[in-house]
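Trainee: here is a sequence with its predicted model. Questions after.
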Amino acid sequence: MKKLLCVLLCAILLVASVPFAAAAEDEPAADALPVILIPGLCENALIRDKGEKSESQIWFPIKAVMRGLLRHTGELLADIIKQDVDALGELAVNFVYEVAEPIRLNPDGSSYYDVSPVVSTAEESSYNALKKSGKLALVTYGTSTLKAVADEIGGDKAFVFQYDWRMSPFGIAEDLHTFIQDVKALTGSEQVNISGTSFGSEILATYLYLYGEEGDLHRVLMNSPAYAGSRIFREMMAAEEPTHIDYEGALNNLLGNYGVELELGYLLKLLPEGAADRIVYEVVDRFIKTYYLPSVSFWGVCPHEDYEEMKALLLDPVENAEMIEEADRVQYEVVANIREILQGAKNYGTDVCIIMNEGCRLLTSHGSGDLLVDAANGTGGECLEIGEHFADDYAPERLVCADENHDHVSFAGSLDLTNGYLPENTWVFYGQMHGQNYWDANARPLTLKLLTTDEITDVHSDPAFPQFRENAMAVSDVLIEIKDRPSAVLSPADGSVTAVVRNLSHIYPQRIKSITLDGIPYTLDRDALLLMPGMTAEITLTPTGGEAKKYGSLTIEYDEVFNIKLHKSRTQYFEVVE
């Protein structure tokens, strides 16, 4: 599913990607610990026949994609005009095969070809080294995050760990152990801070399981963690017929990874009805299940409760025996024990933090998360489906956090972290898409502080970084927050409050047409505004004395001027307390 979208949109993404953020003015902190970033599945470049005359980059295969697009454009347009769903499915499978066949695996999980990361040693992998070698652009995940960290602590202390993301997390974790020792030697530091994004969190969890007691990690940040899997795995891989996918969300997520504001959902309207679902189904059934299914890492994102059923359905116990043995180890030693692994790391003296997202519909269902990973799996908490909320009299059973003064229920009333993996060290951004906290103006400062300072120890440390907060990604267009109070909590007893309306877009003006309150007993002094890119305006909310809902909502109706998709809306939630 994600592979198909990458194939179709890669060229657009490259052309549209935006410049990196400007360097910080302050000098890097001399005493800061080194920071290592670990990307997720498919998120760093791979090469074939490294060191040989035949060496070539096989992932991400930009040249192959461009050649394929040029070669098949005529067929694609003809099939669209004819509205031929079968032909479009066949074209997609052939196209993906041409582009991605070099990453195929043998049935035992080994690589069919001689494949390796572009860079692998710590000495090659610092921001400064990558920039000097001209290989920085090959760090397809986190280039901007890596630069931002380098601006804070210096480019010789900011590293990215590159790995072959098709292989077993255990082998990768062993390589990470060596990498960490080399980073310590290069920087003269006794410890490092480290962040794993998406599947990178499972690599990091496997490392903690194997080496956590060694004390090399000062702080661990799990970002959009996929260490407990995603229900998308079952919904895609067990499907016997095409599954409907939120393609507009998928496109926004891909573009958001590059900080790009483009509306491409309308392109899907060019396809015959049901064609997109059929194309993805054919690619999954005829390519992924044939050439990529033996990836042990791929099976690491299968939720543990689904693993045995999916294994029996999709794998051959004889042909895939070696791969299954390793996947069993990943599932039963790591995926099934995330809570114990994270708590164990804390017991060994490592600070462990989680940044997760909720409120985005999963691509294949009404589950709540960040499009790709369930909020429940990422946090260990209880999460309701999209559109559902806890009752006003809901009281969590306190099995992990016993402090009655700690409220770990989100302002949307849909996620309870009271019994999550780490209730005091988990931050959640509502509506943020998978792995995009660098592009979220609310999440980025928190991420950098957690990675480069000791200023924040838990969710109570700084009111500027509450446990739950709305996202401020540019692709979310507009945002309303209470002035000087980032937590989305309103108390009518406090009287009138000032709210700040922000145009999050860097390129589009926003014409606010109306702001509607549901269950929030306030009136607005104005609800029609025109905001140029990056601008803010203040409005006053005055209590009415009317009936309140514990979890009220605010809906902004607006026109995004000059955009193809002109009329839009955004709904935010606020907890209303006495």
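Mentor: Received, thanks.

Trainee: list the buried ones in whichever helix in the chain runs longest?
Mentor: Of all the segments assigned as helix in the chain under DSSP state H, the longest by residue count is helix 62-82. Buried residues in helix 62-82, defined by neighbour count with 16 or more other CB atoms under 10 Å: Ala64, Val65, Gly68, Leu69, His72, Leu76, Asp79. C-betas here are computed from N, CA, C, even on glycine.

Trainee: check stretch 188-195 too.
Mentor: Within stretch 188-195, judged by 16+ other CB under 10 Å, the buried ones are Ser189, Gln191, Val192, Asn193, Ile194, Ser195.

Trainee: and the pLDDT at the second one?
Mentor: What that stands for is Gln191. Model confidence at Gln191, given as pLDDT, is 97.

Trainee: Asp216 is in contact with that one, correct?
Mentor: Yes: here Gln191 reaches Asp216: they are 6.0 Å apart, a contact under CB atoms under 8 Å.

Trainee: need the overlap of contacts for the two.
Mentor: For the pair Gln191 and Asp216, residues contacting each of them under the criterion CB atoms under 8 Å, 6 or more residues apart in numbering are Lys184.

Trainee: name the element Glu325 belongs to?
Mentor: helix 321-333 (DSSP states H and E).

Trainee: got the phi and psi for Asn223?
Mentor: phi -110, psi 120 (degrees, to the nearest 10).

Trainee: so what's the nearest residue to it once chain neighbours are set aside up against?
Mentor: Using CB to CB, 6 or more residues apart in numbering and skipping residues adjacent in sequence, the residue nearest Asn223 is Thr197, 4.4 Å away. The neighbours of Thr197, taking CB under 8 Å, 6+ apart as the test, are Leu37, Ile38, Pro39, Gly40, Glu43, Tyr141, Gly142, Asn223, Ser224, Gly435.

Trainee: also Thr452?
Mentor: Residues in contact with Thr452, defined by CB under 8 Å, 6+ apart, are Ala29, Ala32, Val35, Val149, Glu152, Ile153, Asn193.

Trainee: show the pLDDT at the closest residue to Ala45 other than its chain neighbours.
Mentor: The shortest distance from Ala45 to any non-neighbouring residue, by CB to CB, 6+ apart, is to Leu138 (4.0 Å). The model reports Leu138 with a pLDDT of 77.

Trainee: okay, now Leu138: neighbour count?
Mentor: 21 (other CB atoms under 10 Å).

Trainee: so which of the contacts of Thr452 is the closest to Val500?
Mentor: The shortest distance between Val500 and any of the contacts of Thr452, using CB to CB, involves Glu152 and amounts to 26.5 Å.

Trainee: Pro34 versus that closest one, what's the distance?
Mentor: As defined by CB to CB, to the nearest Å, Glu152 lies at a distance of 12 Å from Pro34.

Trainee: comparing these two, which residue is more hemmed in?
Mentor: Regarding Glu152 and Pro34, a neighbour count based on other CB under 10 Å identifies Pro34 as having more, with 25 against 21.

Trainee: which residues does that one contact?
Mentor: Residues near Pro34 by CB under 8 Å, 6+ apart: Ile153, Lys157, Ala158, Phe159, Val183, Lys184, Thr187, Ser189, Val192, Asn193.

Trainee: give me the phi and psi for the fifth one.
Mentor: Backbone torsions for Val183, taken as degrees, to the nearest 10, come to phi -60, psi -40.

Trainee: contact partners for the closest residue to it other than its chain neighbours?
Mentor: Leaving out its chain neighbours, the residue that sits closest to Val183 by CB to CB, 6+ apart is Ala122, at 4.7 Å. Contact partners of Ala122, counting by CB under 8 Å, 6+ apart, are Phe159, Phe179, Asp182, Val183, Leu186.

Trainee: what's the domain layout of this structure?
Mentor: For the chain, whose domains are defined here by automatic domain parsing, the residue ranges read 2-345, 477-578.

Trainee: report the rounded mean pLDDT for the last one.
Mentor: When you say that, I think you mean domain 477-578. Model confidence over domain 477-578, given as mean pLDDT, is 92.

Trainee: low-confidence ranges, the stretch 51-200 of the chain, go.
Mentor: Counting by pLDDT under 70, the ranges of the stretch 51-200 of the chain that qualify are 61-64, 140-142.

Trainee: kindly report the same for the stretch 301-450 of the chain.
Mentor: Scanning the stretch 301-450 of the chain with the threshold set as pLDDT under 70 gives no residue ranges.

Trainee: show me where it has strands.
Mentor: Residue ranges of the strands in the stretch 301-450 of the chain, as given by DSSP state E, counting those that start in this stretch, are 351-358, 360-361, 368-369, 382-383, 415-416, 426-430.

Trainee: count of neighbours near Leu267?
Mentor: Applying the criterion other CB under 10 Å, we find 15 residues in the vicinity of Leu267.

Trainee: doesn't it belong to a helix?
Mentor: Yes: Leu267 forms part of a helix when assessed by DSSP: H, G, I helix; E, B strand; the rest coil.

Trainee: how much space between it and Glu397?
Mentor: For Leu267, the distance to Glu397 - CB to CB - is 47 Å.

Trainee: go on, Val373?
Mentor: For Val373 relative to Glu397 (CB to CB), the value is 25 Å.

Trainee: cross the contacts of Pro34 against helices and list the overlap.
Mentor: Judged by DSSP H, helices contain the following of these: Ile153, Val183, Lys184, Thr187.

Trainee: what about Glu308, neighbour count?
Mentor: A count of neighbours around Glu308, defined by other CB under 10 Å, yields 12.

Trainee: then the one 4 residues further on?
Mentor: One way to gauge burial is a neighbour count; for Ala312, by other CB under 10 Å, it gives 9.

Trainee: and what of Leu372?
Mentor: When counting by other CB under 10 Å, one arrives at 27 neighbours for Leu372.

Trainee: relative to Ser569, how far out is the closest residue to Leu541 other than its chain neighbours?
Mentor: Taking CB to CB, 6+ apart as the measure, Leu541 lies nearest to Tyr522, with 4.1 Å between them; neighbours along the chain are not counted. Between Tyr522 and Ser569 the distance, using CB to CB, works out to 19 Å.

Trainee: give the contact list for the closest residue to Asp246 other than its chain neighbours.
Mentor: On the basis of CB to CB, 6+ apart, the spatially nearest residue to Asp246 that is not a chain neighbour turns out to be Leu363, at 5.1 Å. The neighbourhood of Leu363, defined by CB under 8 Å, 6+ apart, consists of Met1, Ile232, Ile245, Asp246, Gly249, Ala250, Leu371, Leu372.

Trainee: which of those sits closest to Asp175?
Mentor: Of all the contacts of Leu363, Leu372 has the smallest distance to Asp175: 24.7 Å, by CB to CB.

Trainee: so the closest one touches Pro225, yeah?
Mentor: No: using CB under 8 Å, Leu372 is not in contact with Pro225; the gap is 11.1 Å.

Trainee: joint contacts of the two?
Mentor: Overlap between the neighbourhoods of Leu372 and Pro225 consists of Ser198, taking contacts as CB under 8 Å, 6+ apart.

Trainee: can you give me the buried ones in stretch 286-300?
Mentor: Along stretch 286-300, these residues count as buried under the neighbour rule (16+ other CB under 10 Å): 286-288, 291-300.

Trainee: do the same with stretch 339-349
Mentor: The neighbour-count check on stretch 339-349 (16+ other CB under 10 Å) flags Ile341, Leu342, Gly344, Ala345 as buried.

Trainee: what's in contact with it?
Mentor: With CB under 8 Å, 6+ apart as the test, stretch 339-349 has contacts from 205, 208-209, 212-213, 215, 217, 220, 222, 334, 352, 380, 421-422.

Trainee: what would these look like in CSV with distance to Lys549 and neighbour count?
Mentor: Below are these laid out as CSV (distance: CB to CB, whole Å; neighbours: other CB atoms under 10 Å):
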residue, distance to Lys549, neighbour count
Ala205, 38, 29
Leu208, 41, 26
Tyr209, 43, 19
Gly212, 44, 23
Glu213, 48, 13
Gly215, 48, 12
Leu217, 43, 24
Val220, 38, 26
Met222, 33, 30
Val334, 41, 25
Val352, 35, 23
Gly380, 27, 23
Tyr421, 29, 25
Leu422, 29, 22
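
Trainee: all set now, cheers.
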